[in-house]
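>>> Pasting the sequence and the predicted coordinates here, then a few questions.
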Amino acid sequence: MNKILRILVLVALPLSANSLPSEKRKNGPMIQKALSPVQVSLQESSAVFYNNENSKLFIYGTVVSEDGLILTKASELEEVKDYHVRVGTKKYRSPKLISRNDSWDVALVKIEAEGLKSVDLESKIEVNHGTWIVSNGATERRFRRPRAGIVSANKREIPGGSPAVLGVSLNAKDEKLLVGNVTKESGAEKAGLKEGDELLEVDGTEIKDRDSFIKYLTSKSPGNVVKLKVKRAEETLDFEVELMARHKLFGGTQNRNDQLSGGETQQSPRRTGFPMVLQHETTLSRRTVGGPIFTLDGEFVGMNIAAANRVEVFAIPVEELAKIVEDFQKSS
Amino acid sequence: MTMPAYLLFAVSSGLIAGGYADRPAFNDKIAPQTLDDFREIQQALQSNLARTRAATVCLQMDGGSGSAVIISEDGLVLTAAHVTGKIDEEIKVIMEDGRELKGVSLGLNSETDSAMLQIIDEGPFPFVEVDKDDSTKLGDWVFSLGHSGGFDKERGVNVRVGRLVRQANSTIQSDCMLIGGDSGGPLFNMAGELIGIHSRVGASREESMHVPIREFQSHWDELKKGSFIGEGGFAKKSKPGSGFLGVITEEAKEGGLRITEVWEESVAAEVGLKMGDRILEIAGEAATEEVMSNKLTELGAGEKLKLKWISGEETKEETLKLGERP
């Protein structure tokens, strides 16, 4: 059901109203100044990713080793071909993508550095509803600006995610599974699949029915390649199709709250499907997630992973982040 | 019930030592200067969360969802007029733990976006105190609760913090962010007293508008007894004469009105009125063509009409909600 969620958008109050100057407000400079002791932690352990094409910041990262391992948001990183990284005041020109974890949407990047200040992945801090945490807000080239918000909801899994898709609709007809519409720019289109093709095999296994085929595809990740055998007229043809993330092909679903949140210039396109998140209400956007978050005492709490909407930011809690890093190390 | 006490306090607030007597020091600073100021805000906020979260509910109507807050043990609820939309409407009330309750909307003010609702199930319910003295000032730290985006049991109530950044007569503004589904939810001062109800958002995302509690206080009795106040944009009264029953009748020799035709998909068909049935009473009056015509000219779509009729051997009585005249 498409529910109406009640909130009205209306004009601002009359100017004559009794008003608090913007520098004193929650995201204003006075508050930012009072947070300067925490700024030190942000300055040391945040990475900033800049697009070399336009020199614009496109995502933050979190420093997890002294010798330059950085975690960031994978789905944003893959959008940019050529980038450089800043940590502290220093610029690193040739970052390398080492690995990625699609279930958390995290990428591991290496820069040539030494003596960096890693976040404390063994931090055992418990935060509750109402606990202040500090994230990267806007940034200057050499200076990270802190922005505060509170933990705002229960820690939990965010279902959904962005499954790997071929980019075709499927029609089951007389015991056959046929290709329906082929989506433009999809892996299926690039490989040359056409409407009406009969799907016979995937990765060497016979396709029995629609459900088992879809089940097989959902076990795959975006970027994986599947081999398809299809029948077209009297010919049997083989294709290699690269799977793509659903959100990339079709966009995230947009409801009224997404529009209110500024759509996908503000919201992270990949904002669902995380095994466990800490939620906070700091005013962040698509470009300002990826960095570390700290308590007022400078203790490491986790890494921002999605600007879900105008009131909800998701972060990967430190204990989960430690496991992700451990898995990366095992697999390398 | 003791609700009018709030009105009393409102007019005599000068005589009462403020409910916010232990006004926290951070409210009197221009802005937090040290981390300790933030810690004090955090402590005040956290000490009030269990109670305020328990009293913050989600309201579910046909095809819509909003928030609200319980303010008395027996289940009186404050919310926004554009959430309930109508008087005397059944609305599902969901608590943070998932418990579902039955509620009925009371009065609303279509000009300021205030509304009341009563939970029908038996209490006691968790409830919050109201900032009776209107003691919260510009710049004070506040927090906002709500079921943003609709009820989500795993997530629970959504908490936000900010400052009171603007005050006007019938609206206060904070920089706690809001989103669809928050409407009707509560805004609290750092003593955990209710100071406003979420109403709407402005163009930028830090502009959140709330109905101040004094707006409720100044129309308390009317709201409570179910009045539809004003002709503002937050709720529309149904137009007199727009109500539709869905029957054609003629006066019966033995008295009352004989039904000669029933519209398919009308409220009449829904409650089981059939051709040949005889209506005896309309809203407590003996049924005649004139009474029927008067009532239907008076009532709007969604309003209620009590009917008594004979179907075969059986006498039936039902209060039905009129449909929309096609």
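All right, it came through fine.

>>> alpha carbons only for contacts and neighbour counts from here, please
Noted.

>>> Check the closest residue to chain B within the stretch 151-300 of chain A and give its pLDDT.
Per CA to the nearest CA, residue A:152 is where the stretch 151-300 of chain A lies closest to chain B, at 4.6 Å. We have a pLDDT of 98 for residue A:152.

>>> That one reaches residue A:281, doesn't it?
Yes: Residue A:152 lies in contact with residue A:281 (CA atoms under 8 Å); the separation is 6.0 Å.

>>> Give me the common contacts of these two.
A:312, B:159-160 (CA atoms under 8 Å, 6 or more residues apart in numbering or on different chains).

>>> Now neighbour count, pLDDT and secondary structure too, for those residues, in JSON lines please.
Shown next, in JSON lines, are those (neighbours: other CA atoms under 10 Å in any protein chain shown; pLDDT from 0 to 100; DSSP: H, G, I helix; E, B strand; the rest coil):
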{"residue": "A:312", "neighbour count": "27", "pLDDT": "96", "secondary structure": "strand"}
{"residue": "B:159", "neighbour count": "27", "pLDDT": "98", "secondary structure": "strand"}
{"residue": "B:160", "neighbour count": "26", "pLDDT": "97", "secondary structure": "strand"}
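
>>> Which one of those residues is nearest to residue B:172?
Residue B:172 lies nearest to residue B:160 out of the shared contacts of residue A:152 and residue A:281, by CA to CA, at 16.1 Å.

>>> Which residue is the nearest non-sequential neighbour of the closest one?
For residue B:160, ignoring the flanking residues on the chain, the nearest one in space by CA to CA, 6 or more residues apart in numbering or on different chains is residue B:144 at 5.1 Å.

>>> Tell me if I'm right that the one you found and residue B:188 touch.
Yes: in terms of CA under 8 Å, residue B:144 counts as a neighbour of residue B:188; the distance is 6.3 Å.

>>> per the record, what domains does chain B have?
B:5-13+B:34-229, B:243-324 (automatic domain parsing).

>>> Show the pLDDT at residue B:326.
pLDDT recorded at residue B:326 is 79.

>>> How about the contacts made by it?
With CA under 8 Å, 6+ apart, residue B:326 has these contacts: residue B:244.

>>> any idea how far it is from chain A?
24 Å (CA to the nearest CA, to the nearest Å).

>>> who touches the longest helix along chain A?
The residue-count maximum for a helix in chain A (DSSP state H) belongs to helix A:318-331. Residues outside helix A:318-331 that contact it (CA under 8 Å, 6+ apart) are A:99, A:101, A:108, A:121-124, A:276, A:300-303.

>>> How about stretch A:82-95?
Residues contacting stretch A:82-95 (CA under 8 Å, 6+ apart): A:43-53, A:109-112, A:141-143.

>>> one more time with 10 Å
A:40, A:42-63, A:68-70, A:77, A:96, A:109-113, A:116-117, A:140-144 (CA atoms under 10 Å, 6 or more residues apart in numbering or on different chains).

>>> Out of those residues, list just those in strands.
With strands taken from DSSP state E, the overlap with these comprises A:46-51, A:57-63, A:69-70, A:96, A:109-110, A:144.

>>> and the biggest strand by length in chain A, which strands flank it?
The residue-count maximum for a strand in chain A (DSSP E) belongs to strand A:300-309. Partners of strand A:300-309 in the sheet, by DSSP bridges, are strand A:292-294 (antiparallel), strand A:312-317 (antiparallel).

>>> Is residue A:273 in contact with residue A:158, as I believe?
Yes: shown here, residue A:273 and residue A:158 form a contact pair, counting by CA atoms under 10 Å, at 5.1 Å.

>>> Can you tell me which of the domains of chain B is packed in deepest?
Comparing the domains of chain B on average neighbours per residue, with mean count of other CA atoms under 10 Å in any protein chain shown, the densest one is domain B:5-13+B:34-229 at a mean of 22.

>>> Would you pull up how far that domain lies from the middle of the chain?
Distance, stretch centre to chain centre, for domain B:5-13+B:34-229: 10 Å (CA atoms, centre = their mean, to the nearest Å).

>>> hmm, what's the outermost residue in chain B?
The centre of chain B is farthest from one residue, residue B:253, which by CA atoms, centre = their mean lies 46.2 Å away.

>>> ok so, going back, got the domains of chain B as CSV, with distance to residue A:179 columns?
Shown next, in CSV, are these (distance: least, CA to CA, whole Å):
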stretch, distance to residue A:179
domain B:5-13+B:34-229, 36
domain B:243-324, 42
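
>>> Run a quick neighbour tally on residue A:122.
As a burial measure, residue A:122 scores 11 neighbours (other CA atoms under 10 Å in any protein chain shown).

>>> now swap in the one 4 residues further on and tell me
Other residues within reach of residue A:126, judged by other CA under 10 Å, total 10.

>>> now swap in residue A:272 and tell me
19.

>>> My guess is it contacts residue A:308. True?
Yes: using CA under 10 Å, residue A:272 is in contact with residue A:308, at 7.8 Å.
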